[in-house]
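Student: Please work out how this folds:
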Amino acid sequence: MPAPPAGDGKRVLLAAPRGYCAGVDRAVVTVEKALELYGPPVYVRKEIVHNKHVVRTLEKRGAIFVDQTQEVPEGARVIFSAHGVSPAVHAEAAALQLQTIDATCPLVTKVHREAIRFASEHYTILLVGHTGHEEVEGTAGEAPDNTIVVESPAHAAEVEVPDPERLAWLSQTTLSVDETMQTVAVLRERFPHLQDPPSDDICYATQNRQVAVKQMAADCDLMIVVGSQNSSNSKRLVEVALEYGSRDGHLVDYADEIDESWMDGVRTVGVTSGASVPEVLVREVLDWLAARGYEDVSAVTAAQESLLFSLPTEIRRDLKAAGRQDAKLRHDPGSVPVAADHDSLR
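Tutor: Numbers count the residues shown, from 1 in each chain. The predicted model follows:
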C-alpha cells in the first residue's frame with residue numbers, strides 16, 4: 001500500500017500497467033503501416049479503437065473512418081477495427097470486392113471461435129456484454145440464432161432461454177470483472193447446467209488495469225481516468241475506482257477537460273488510462289497536475305505486461321515484399337516484447 005504523503009503534501013498515484021494493450025497497439029500500427037505502404041486514403045470500418053485522439057491523429061494522416069461497409073468505394077482497401085466484425089460484414093466486403101485487412105484483436109477472435117464451437121454443439125450462448133457495442137455485434141454475428149446478449153445481473157435474473165440444460169456463457173472482453181462474475185453467478189443460480197468458456201474471455205489488459213485501480217482507490221481523493229466516453233474499458237475503470245473507495249472519479253480525453261473544482265480538498269490523485277489511450281495523453285495530465293502542486297508521483301504496479309501480437313498477414317506480406325523490416329509494434333518502456341502470432345490464440 002502506498003505510504004501517505006508527509007504533512008499536507010499533494011501527490012499522484014500512477015497506475016501501472018495503463019494505456020495501450022497488445023490488441024490496440026496491433027490495430028493502430030496496422031493503420032499506420034497501411035498508410036505508409038499504400039498511401040492514403042485507407043478506409044477503416046468503425047473507429048479502429050475507441051479513442052478520440054487516436055482517430056483524429058490517423059484521420060490527419062489520411063485514414064477515412066466509415067460506419068458501414070457500403071460507404072467504402074468498390075475495390076478499395078478497408079481495415080476492420082480491433083473490436084471485430086461478423087461474417088455478414090466479411091460478406092458485404094466480398095460483394096464490394098474490397099481489399100480487407102483484419103485488425104481484430106486476437107483475444108476477440110478467440111471469443112468468436114468459442115461462439116462458433118458452442119453454436120455447432122447446439123448450445124444457446126448467453127453473451128455478457130453491452131448491446132450495440134461493436135465487439136458484441138461481431139461476436140453475436142458468428143451465431144446470431146444461438147446468441148442472447150445479457151447486459152447485467154438484473155437482466156440475468158429475467159432472461160428467457162429455450163433449453164436450460166443446453167447453455168454456455170461468453171463475455172465481451174472489456175467488461176468489469178466483478179460485475180461480469182455477478183451476472184454469471186445469477187445465471188448459474190438459475191441455470192445450474194451453464195457451461196463456462198474454455199478460458200477467461202475478459203482480456204488480460206482489462207483485468208490488470210482494474211486490479212491496479214482497486215489497489216489505489218482507497219488512497220485516492222480523486223481518480224482521473226484518461227479515455228474516451230465510448231471506451232467500455234475506460235468507463236469501467238471509473239466505476240471500479242468509485243466502488244473501491246475513491247471519493248471522486250472522472251473520465252477525460254485530454255488534460256484541459258479536468259475541472260479545477262475537482263481539486264478542492266484533494267491531496268491524493270490517482271491517474272490511469274484505458275487500454276486504447278496513448279501515453280502522451282497521460283503525460284499531459286501529469287503535467288497539468290504538476291503545475292498545480294501535484295509533483296510527487298508514485299507508481300502502483302499491479303502486473304508486468306510483455307505480450308505483443310504480430311501484425312495482420314497482409315501487412316507483414318506487403319512489408320516483406322517492399323523490403324521493409326520494420327513490422328514491429330510499440331511497447332511501453334521497460335516491458336519485454338514477446339511476439340505472439342494471431343493464429344496461436346485461435
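
Student: In this structure, spot the helix with the most residues.
Tutor: Ranked by residue count, the top helix of the chain under DSSP state H comes out as helix 22-38.

Student: How far off centre is that helix?
Tutor: 16 Å (C-alpha atoms, centre = their mean, to the nearest Å).

Student: Neighbouring strands - and their directions - for the helix or strand containing Leu14?
Tutor: When secondary structure is defined by DSSP states H and E, Leu14 falls within strand 11-16. Here strand 11-16 has these sheet partners by DSSP bridges: strand 268-273 (parallel), strand 296-301 (parallel).

Student: What is the end-to-end distance of stretch 141-155?
Tutor: Start-to-end span of stretch 141-155 (C-alpha to C-alpha, to the nearest Å) is 21 Å.

Student: Quick check: buried residues in that stretch?
Tutor: Buried residues in stretch 141-155, counted by 16 or more other C-beta atoms under 10 Å: 141-143, 146-151, 153, 155. Where you see a C-beta, it was placed from the backbone N, CA and C, and this is true even at glycine.

Student: Cross these against strands and list the overlap.
Tutor: 147-150 (DSSP state E).

Student: Show me the contact partners of the strand or helix carrying Ala94.
Tutor: Ala94 belongs to helix 87-95 when elements are defined using DSSP H and E. Applying C-beta atoms under 8 Å, 6 or more residues apart in numbering, the contact partners of helix 87-95 are 45, 69-70, 72, 78, 80, 100, 138, 141-142.

Student: Could I get the residues you listed in a markdown table, plus columns for secondary structure and distance to Lys52?
Tutor: Putting the contacts of helix 87-95 into a markdown table (DSSP: H, G, I helix; E, B strand; the rest coil; distance: C-beta to C-beta, whole Å) gives the following:
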| residue | secondary structure | distance to Lys52 |
| --- | --- | --- |
| Arg45 | strand | 18 |
| Thr69 | helix | 23 |
| Gln70 | helix | 25 |
| Val72 | coil | 22 |
| Val78 | strand | 21 |
| Phe80 | strand | 20 |
| Thr100 | strand | 25 |
| Gly138 | helix | 21 |
| Gly141 | coil | 26 |
| Glu142 | coil | 29 |
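
Student: Dump those to JSON lines, plus distance to Arg61.
Tutor: As requested, these are arranged in JSON lines below (distance: C-beta to C-beta, whole Å):
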{"residue": "Arg45", "distance to Arg61": "17"}
{"residue": "Thr69", "distance to Arg61": "22"}
{"residue": "Gln70", "distance to Arg61": "24"}
{"residue": "Val72", "distance to Arg61": "18"}
{"residue": "Val78", "distance to Arg61": "16"}
{"residue": "Phe80", "distance to Arg61": "19"}
{"residue": "Thr100", "distance to Arg61": "20"}
{"residue": "Gly138", "distance to Arg61": "26"}
{"residue": "Gly141", "distance to Arg61": "30"}
{"residue": "Glu142", "distance to Arg61": "32"}
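
Student: can you tell me which two in these are farthest apart?
Tutor: Longest distance between any two of the contacts of helix 87-95 is 22.0 Å, between Val72 and Glu142; criterion C-beta to C-beta.

Student: any idea how far the helix holding Ala94 is from the chain center?
Tutor: Distance, stretch centre to chain centre, for helix 87-95: 24 Å (C-alpha atoms, centre = their mean).

Student: buried stuff in that helix?
Tutor: Of the residues in helix 87-95, those buried (16+ other C-beta under 10 Å) are 89-90, 92-93.

Student: try stretch 211-221
Tutor: Within stretch 211-221, the residues that qualify as buried by neighbour count (16+ other C-beta under 10 Å) are 211-217, 219-221.

Student: next one: stretch 109-120
Tutor: Within stretch 109-120, the residues that count as buried by 16+ other C-beta under 10 Å are 109-112, 114-119.

Student: Return the angle between stretch directions for the host helix or strand of Thr109 and helix 22-38.
Tutor: Assigned by DSSP H and E, Thr109 belongs to helix 106-120. Helix 106-120 and helix 22-38 are oriented at 110 degrees to each other (axes from the mean of the first three to the mean of the last three C-alpha atoms, to 10 degrees).

Student: how about the helices of the stretch 101-250 of the chain, start to end?
Tutor: 106-120, 134-140, 153-156, 177-190, 204-217, 232-243 (DSSP state H, counting those that start in this stretch).

Student: what's the third one in contact with?
Tutor: To tie it back to what came earlier, the one meant is helix 153-156. With contacts defined as C-beta under 8 Å, 6+ apart, helix 153-156 is touched by 126, 150, 179, 182-187, 190.

Student: what do you get if the cut-off is 10 Å, keeping everything else the same?
Tutor: 126, 128, 131, 148-150, 169, 179-191 (C-beta atoms under 10 Å, 6 or more residues apart in numbering).

Student: pLDDT of that helix, averaged?
Tutor: Regarding helix 153-156, the rounded mean pLDDT is 98.

Student: and what of the first one?
Tutor: Helix 106-120 shows a mean pLDDT of 98.

Student: Next up, the contacts around Ala291.
Tutor: Applying C-beta under 10 Å, 6+ apart, we find Ala291 in contact with Ala255.

Student: Kindly recompute the last result at 8 Å.
Tutor: Ala291 touches nothing, counting by C-beta under 8 Å, 6+ apart.

Student: likewise Leu167?
Tutor: With C-beta under 8 Å, 6+ apart, Leu167 has these contacts: 123-126, 161, 187, 191, 193-195.
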